[in-house]
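Enquirer: For reference, the sequence and a predicted model appear below.
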Amino acid sequence: MVRIDMSTVAAREKAFGEYGDTVWFIYRVFSERLKRRMKEQGVSKYQTAGFKNAKEYNEAPSYQHEVSYSMVDSITAPIPRLDTRQNPYLVPSSKYYLRFVDTLNFKDVYECIWGSNYEIRNYLPNVFESVCNEAQFQNNRLGSLINDIKQTQPLRIPNNTIQQIYEGIKSDLLNEWDKFTRVRNQETKIATVINFESSADNESIAAGIPLIDKIDSGGVSREGLGEVLELKQLGEPLKRFVDYRVTPLIMNQFLQQISK
């Protein structure tokens with residue numbers, strides 16, 4: 001077992017891809033949701049794992065430890081702990097989500113992983129800001145667009161520009177986020193990413209590229225589980241989501257702003 005270092009930007013990018021900081025933020029939001037629910041309902045980590053107490057857990061045969069106390073402890077630590085073998089993507093299997101729904105009384109798997117509508121509206125601005133900040137240093141679609149935007153701004157893209165763009169797209173972004181995390185309608189729309197320096201460099205994004213290649217619920221059958229994006233599936237799909245959903249929204253909103 002080798003602990004995965006989450007202390008640097010480079011380490012998070014190595015673990016999760018181009019948007020490693022954003023993935024790590026989402027993991028921490030999930031961890032905080034579990035801890036908050038455990039505190040509100042007075043549920044211990046052993047009870048969260050499906051046992052009354054430490055004695056019952058320790059006396060149970062190993063085959064009943066589908067959800068382990070040590071893993072619940074890692075997921076809900078002050079800084080969530082990941083390791084290369086057991087939980088490189090925080091939650092080791094779909095069985096954990098199902099147990100959390102039962103023991104912590106979430107409405108469904110979606111609320112467990114992604115939160116209520118109220119929670120999503122609260123954390124989505126932070127996801128958007130994180131994605132924009134990371135993209136400035138990446139050679140990708142959004143990075144190219146932000147660099148074009150920066151050329152119209154002094155020195156760098158200011159925070160108020162990001163905030164203004166978010167305010168203009170938040171309704172559409174919320175809708176796209178809902179479809180993304182619920183694994184619905186995973187085909188791209190036709191969109192154009194504009195290079196402000198040369199219209200000849202315009203790039204048309206082809207339709208038909210799925211954001212998610214495969215949905216795997218780990219052999220667990222339960223209504224709704226296969227329809228929800230799990231944390232282990234987040235890295236590459238998040239990049240595609242940013243490329244094919246978020247970037248066109250930002251582009252269109254920025255063009256509206258500069259045309260005023």
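Expert: Received the coordinates, thanks.
Enquirer: Could you give the average pLDDT over stretch 60-70?
Expert: For stretch 60-70, mean pLDDT rounds to 91.
Enquirer: Between the two ends of it, how far is it?
Expert: One end of stretch 60-70 to the other measures 15 Å (C-alpha to C-alpha, to the nearest Å).
Enquirer: Which residues does that stretch contact?
Expert: For stretch 60-70, contacts defined as C-beta atoms under 8 Å, 6 or more residues apart in numbering pick out 45, 46, 48, 49, 50, 51, 54, 57, 95, 96, 99. In this view, the C-beta of every residue, glycine as well, is placed from N, C-alpha and C.
Enquirer: One more pass at 6 Å, please.
Expert: Contacts to stretch 60-70, defined as C-beta atoms under 6 Å, 6 or more residues apart in numbering, come from residues 45, 46, 49, 50, 57, 95, 96, 99.
Enquirer: Okay, buried residues for it please.
Expert: Within stretch 60-70, the residues that count as buried by 16 or more other C-beta atoms under 10 Å are 65, 67, 69.
Enquirer: Same question for stretch 82-92.
Expert: Neighbour-count burial for stretch 82-92 flags 82, 87, 89, 90, 91, 92 (criterion: 16+ other C-beta under 10 Å).
Enquirer: Alpha carbons only: can I get it in CSV?
Expert: The C-alpha coordinates for stretch 82-92 follow below in CSV (Å, rounded to 0.1, in the frame of the first residue of the first chain):
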residue,chain,number,x,y,z
LEU,A,82,-5.8,7.8,-1.0
ASP,A,83,-3.5,5.0,-1.8
THR,A,84,-2.4,3.3,-5.0
ARG,A,85,-4.0,-0.1,-4.3
GLN,A,86,-7.1,0.3,-2.2
ASN,A,87,-8.7,3.7,-3.1
PRO,A,88,-6.8,5.6,-5.8
TYR,A,89,-10.0,7.4,-6.6
LEU,A,90,-11.2,7.9,-2.9
VAL,A,91,-14.1,5.4,-3.0
PRO,A,92,-13.0,1.9,-3.9
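Enquirer: Let's have the buried residues of stretch 82-92 in a markdown table, adding distance to residue 36 and secondary structure.
Expert: Shown next, in a markdown table, are the buried residues of stretch 82-92 (distance: C-beta to C-beta, whole Å; DSSP: H, G, I helix; E, B strand; the rest coil):
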| residue | distance to residue 36 | secondary structure |
| --- | --- | --- |
| 82 | 20 | coil |
| 87 | 20 | coil |
| 89 | 21 | coil |
| 90 | 16 | coil |
| 91 | 17 | coil |
| 92 | 21 | coil |
